[in-house]
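J.: Here is a sequence with its predicted model. Questions after.
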Amino acid sequence: MAKARRKAAAPAAAPAAGTAEPDSAAPVHEGRARAVIDTVSPAIDGGRFPAKRIVGETVEVQAHCFTDGHDKLRVVLRWQPLGAGGGHEIDMQPQGNDVWRAEFVPPRAGRYRYTVTAWVDHFESWRRELERREERGDIRTALEVGSALVDVSARRAQGGDALILAEWSAQLRAAAADADAERSAQKAVALDAARAAIVARYTDRSFASSASLELVVDRERAGFSSWYELFPRSAGLEPGRHGTFRDVEDRLPYLAEMGFDVLYFPPIHPIGRVNRKGANNSLTAKPGDVGSPWAIGAKEGGHKDILPQLGTHADFRRLLAAARALDIEIALDLAFQCAPDHPYVKAHPQWFKHRPDGTVQYAENPPKKYQDIYPFDFETGDWRALWDELKSIVDFWIAQGVKIFRVDNPHTKPFGFWEWLIDGVKRGHPEIIFLAEAFTRPKLMHRLAKLGFSQSYTYFTWRNTKQELTDYFTELAQGPGREYYRPNVWPNTPDILHETLQSGLRPVFGARLVLAATLAANYGIYGPTYELLEGAPREPGSEEYRDSEKYQLRHWSIDRADSLWSLVARMNRIRRENAALQSDRGLCFCRIDNDQMIAYLKMDAAGTNVILTVVNLDPRQPQSGWVELDIDALNLDAGQPYQVHDLLSEQRYIWRGRYNYVMLDPQRAPAHVLKLRRRVRSEQDFDYYL
């Protein structure tokens, strides 16, 4: 709830005898400010954090504003980039029940301030009262009052406006003095709408109340993106050869044809040799084991350096340019932790926790232990230097050309640190995108989003039943978090191989892909494991991949005949061509009388692009059901047929009314992605019909 911020009044006179002395600690407000701003939305935690929008997205502002008595209010919305002068002001419109509304569209990325200001509009209150006056004496008195109000605005006006208002005031006085004037003529002079609009430009705001809030506006890719995670070291063309940035460059056309616009790398820095992990997370590395990329730092350098086997900084910049030419951005992993042989450990031992025996405490996330990783001690007395150094890592890679960072385990670092870092980075570079990889408790995930993370991982991996998916995505799309929490949905990651994928069944991979790509505007897959249907766990009951790329090189035959490549490419093309799938706000679940099937609509802001997705959640058996559509909300004529076009199969179906039958065989197609067309063509549309 945003409360009005009022100007402080002049010091009060001494209280009269017999009255109570005011509490000297209580704030002193302008007592004549009668307008109340009770609530403004969007507001996150009463204005503690900014709401979020995307460039070009409409920001709808609502405010609960009222005053005592029967006077009319004037309420305006002012918005401007933070720190900039000028700004734009528009009148808010009453919606009934003291709710006022206005909207604006931010034109570029950055931080904005929007302010609701309300005051009693004495001039409009006077005009309303005059309209209902019928007694000649009442009208003459009212005209005199109106003349005085116009004089107030005339003194503020400039140039021609001042002359117009001065002339109008004189006309009002003359009409009041003319005892023989017709009432209708007197009122016509007073109620001149054109001159009233001039008065409104110079209205008296001396006793206005205001409430200000902030807004973060991100570039388009923060709101709509398709991610692909790839280990560069596994991009080599021959088995056993360490991949390089040049190998990844050769892989770019494959990714572009699949339609991905963000290519995310795990850490690309030198990997520690002390306590290096072996294959399948074994505690003892064998000769030739490459270790975990998240064990950052060795004699070759740390977070600002590159693993020599991958290439040089020049090679990396070349890769960035090659990716940009295909409209792909490279996202880097930001993992603030060190291997035992990272240069920081020797140069800044005060940045790490030490055991009583003097050794550094390695990282743990029970029951997991990370003997090859040292976490930073954010309670160190040298915390300011630590914070500055960590921010300098981000600044370094921005200078190389990186604009997207996936942040590893941000919930294990102080929230205040992230707020400081992200705010500092985005003030100079509002185009930067931060993705929070925080698979933790909901309140922690939401706090990180409020602090400034542009996107956030979700629990999608563990939401598999119809009820789980419906409840969770309704919360994401319609709950209060939608003002700041942008979900990025992944069916798999290098850390998470859910048991549903361990079946290796092609329909499961297909269904989960369609769900991810249509339920959320931002989604990603970890490949090539995903399109190649990799599903073998390290051991029964584990969510870790067997022979995981986290600990060893892998070689992938990306041209395998059974690859999901074509389905992925088609889904990404559908997403690019349909605005309904490029936002999280237009999601609505539909009734379907089969718990093994799920159906939901997404539509764009204008309501012109409507996509209905139906998915069979049973990977083994055909399932069927009747889908119910709200034809009134969709502006469909109950008596006329309409067409649904399956964008996956290119088949078209004629539907009628509220209920329509759907059957999906998972061996043929696990889902429909249907584009709704409200009008069906007839022979009368043919050129020769007439």
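T.: Nice, thanks for sending it over.
J.: C-alpha from now on. contacts and neighbour counts both.
T.: Fine.
J.: Any stretches of the chain with poor pLDDT?
T.: 1-29, 134, 136-137, 679-690 (pLDDT under 70).
J.: show me what contacts the spatially most central residue of it?
T.: By Cα atoms, centre = their mean, the chain has its centre lying nearest to residue 486, at 3.9 Å. Going by Cα atoms under 8 Å, 6 or more residues apart in numbering, residue 486 touches 223, 449, 454-456, 522.
J.: next one: residue 251
T.: residue 235.
J.: Residue 93 now?
T.: 75, 100-102.
J.: Now the phi/psi pair for it, please.
T.: Residue 93 adopts backbone torsions of phi -110, psi 140, taken as degrees, to the nearest 10.
J.: going forward, begin numbering at 4 instead of 1
T.: Sure, I'll start counting at 4 from here, so that last one is residue 96.
J.: what's in contact with stretch 341-357?
T.: 274-278, 298-302, 304-305, 363-364, 375-381, 383-386, 389.
J.: can we see that at 6 Å?
T.: Among residues not part of stretch 341-357, those counted as contacts by Cα atoms under 6 Å, 6 or more residues apart in numbering are 275, 277, 298-301, 305, 363-364, 375-377, 379-380.
J.: Including secondary structure, could those residues go into CSV?
T.: Formatted as CSV, the contacts of stretch 341-357 follow (DSSP: H, G, I helix; E, B strand; the rest coil):
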residue, secondary structure
275, coil
277, coil
298, coil
299, strand
300, coil
301, strand
305, coil
363, strand
364, coil
375, coil
376, coil
377, strand
379, strand
380, coil
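J.: Top of those residues by number of neighbours, please.
T.: The residue in the contacts of stretch 341-357 with the most neighbours, by other Cα atoms under 10 Å, is residue 299 (31 neighbours).
J.: Could you report the separation of that residue from residue 607?
T.: 43 Å (Cα to Cα, to the nearest Å).
J.: Next: residue 72.
T.: From residue 72 over to residue 607 the distance is 42 Å, taken as Cα to Cα.
J.: returning to what we had before: make a markdown table out of the contacts of residue 96 and add neighbour count.
T.: Listed next are these as a markdown table, based on neighbours: other Cα atoms under 10 Å:
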| residue | neighbour count |
| --- | --- |
| 78 | 27 |
| 103 | 23 |
| 104 | 19 |
| 105 | 19 |
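J.: Which one of those residues is nearest to residue 214?
T.: Nearest to residue 214 out of the contacts of residue 96 is residue 78 (Cα to Cα; 11.3 Å).
J.: Quick check: bridge partners of that closest one?
T.: Note on residue 78: beta-bridge partners by DSSP bridges are residue 121.
J.: Please name the nearest non-neighbouring residue to residue 603.
T.: Spatial nearest neighbour of residue 603, excluding adjacent residues (Cα to Cα, 6 or more residues apart in numbering): residue 592 at 4.0 Å.
J.: That neighbour belongs to a helix, doesn't it?
T.: No. Counting by three-state DSSP, one finds residue 592 to be strand, located in no helix.
J.: the helices in the stretch 354-503 of the chain, which residues?
T.: All helices of the stretch 354-503 of the chain, identified by DSSP state H, counting those that start in this stretch, fall at 386-403, 418-431, 445-454, 469-481.
J.: Buried deepest among the ones you listed, which one?
T.: Counting by mean count of other Cα atoms under 10 Å, helix 445-454 has the highest mean neighbour count of the helices of the stretch 354-503 of the chain, with a mean of 18.
J.: how close does residue 74 get to residue 125?
T.: Taken as Cα to Cα, the span from residue 74 to residue 125 is 7 Å.
J.: Kindly report the same for residue 432.
T.: Residue 432 sits 45 Å away from residue 125 when distances are taken as Cα to Cα.
J.: Also residue 116?
T.: For residue 116 relative to residue 125 (Cα to Cα), the value is 28 Å.
J.: and if you look at residue 598?
T.: According to Cα to Cα, residue 598 stands 60 Å off from residue 125.
J.: One more: residue 306?
T.: Computed as Cα to Cα, the residue 306 to residue 125 distance reads 63 Å.
J.: ditto for residue 629
T.: Applying Cα to Cα to residue 629 and residue 125 gives a distance of 59 Å.
J.: what do you get for residue 173?
T.: 19 Å.
J.: what's the answer for residue 597, then?
T.: Taking Cα to Cα as the measure, residue 597 falls 61 Å from residue 125.
J.: what do you get for residue 426?
T.: 42 Å.
J.: Over to residue 604?
T.: Applying Cα to Cα to residue 604 and residue 125 gives a distance of 48 Å.
J.: To residue 39, which of the helices of the stretch 354-503 of the chain lies closest?
T.: Residue 39 lies closest, by Cα to Cα, to one member of the helices of the stretch 354-503 of the chain: helix 445-454, at 27.3 Å.
J.: now that closest one against helix 418-431, angle please.
T.: 30 degrees (axes from the mean of the first three to the mean of the last three Cα atoms, to 10 degrees).
J.: who's in contact with helix 445-454?
T.: Residues outside helix 445-454 that contact it (Cα under 6 Å, 6+ apart) are 52, 422, 488.
J.: what's the answer for stretch 283-301, then?
T.: Residues outside stretch 283-301 that contact it (Cα under 6 Å, 6+ apart) are 270, 273-275, 279-281, 341-342, 344-345, 375-376, 550, 553-555.
J.: which residue of this structure sits farthest from its center?
T.: Outermost residue of the chain with respect to the C-alpha centroid, by Cα atoms, centre = their mean, is residue 183; its distance is 65.4 Å.
J.: Look at that residue and tell me its secondary structure.
T.: Once three-state DSSP is applied, residue 183 turns out coil.
J.: Residue 606 touches residue 589, doesn't it?
T.: Yes. At 5.1 Å, residue 606 counts as touching residue 589 under the criterion of Cα atoms under 6 Å.
J.: Who has more neighbours out of the two?
T.: A count of neighbours by other Cα under 10 Å puts residue 606 above the other of residue 606 and residue 589, at 25 against 17.
J.: Write down the beta-bridge partners of the more buried one, one by one.
T.: With DSSP bridges as the criterion, residue 606 is bridged to residue 613.
J.: show me what contacts it?
T.: Here residue 606 is in contact with 583, 589, 612-613 (Cα under 6 Å, 6+ apart).
J.: and which of these is nearest residue 145?
T.: Closest approach to residue 145 among the contacts of residue 606 (Cα to Cα): residue 589, at 50.8 Å.
J.: I'd like to know how far that closest one sits from residue 493.
T.: Distance of residue 589 to residue 493, given as Cα to Cα: 20 Å.
J.: what's the answer for residue 94, then?
T.: Look at residue 94 and residue 493: by Cα to Cα, they are 43 Å apart.
J.: out of these two, which sits in the busier spot?
T.: Taking other Cα under 10 Å, residue 94 and residue 493 do not tie; residue 493 has more neighbours (25 against 16).
J.: got the contact list for that one?
T.: Neighbours of residue 493 in contact, by Cα under 6 Å, 6+ apart: 526-528.
J.: Please report phi then psi for it.
T.: Dihedral pair for residue 493: phi -130, psi 130, per degrees, to the nearest 10.
J.: can you pull up the bridge partners for the nearest residue to it once chain neighbours are set aside?
T.: Leaving aside its sequence neighbours, residue 493 sits nearest to residue 527 (Cα to Cα, 6+ apart; 5.0 Å). Beta-bridge partners for residue 527, by DSSP bridges, are residue 230.
J.: From residue 60, how far off is residue 527?
T.: 23 Å.
J.: what's the burial count for the residue nearest to residue 603?
T.: 19.
J.: Likewise for residue 195?
T.: The burial count for residue 195: 12, using other Cα under 10 Å.
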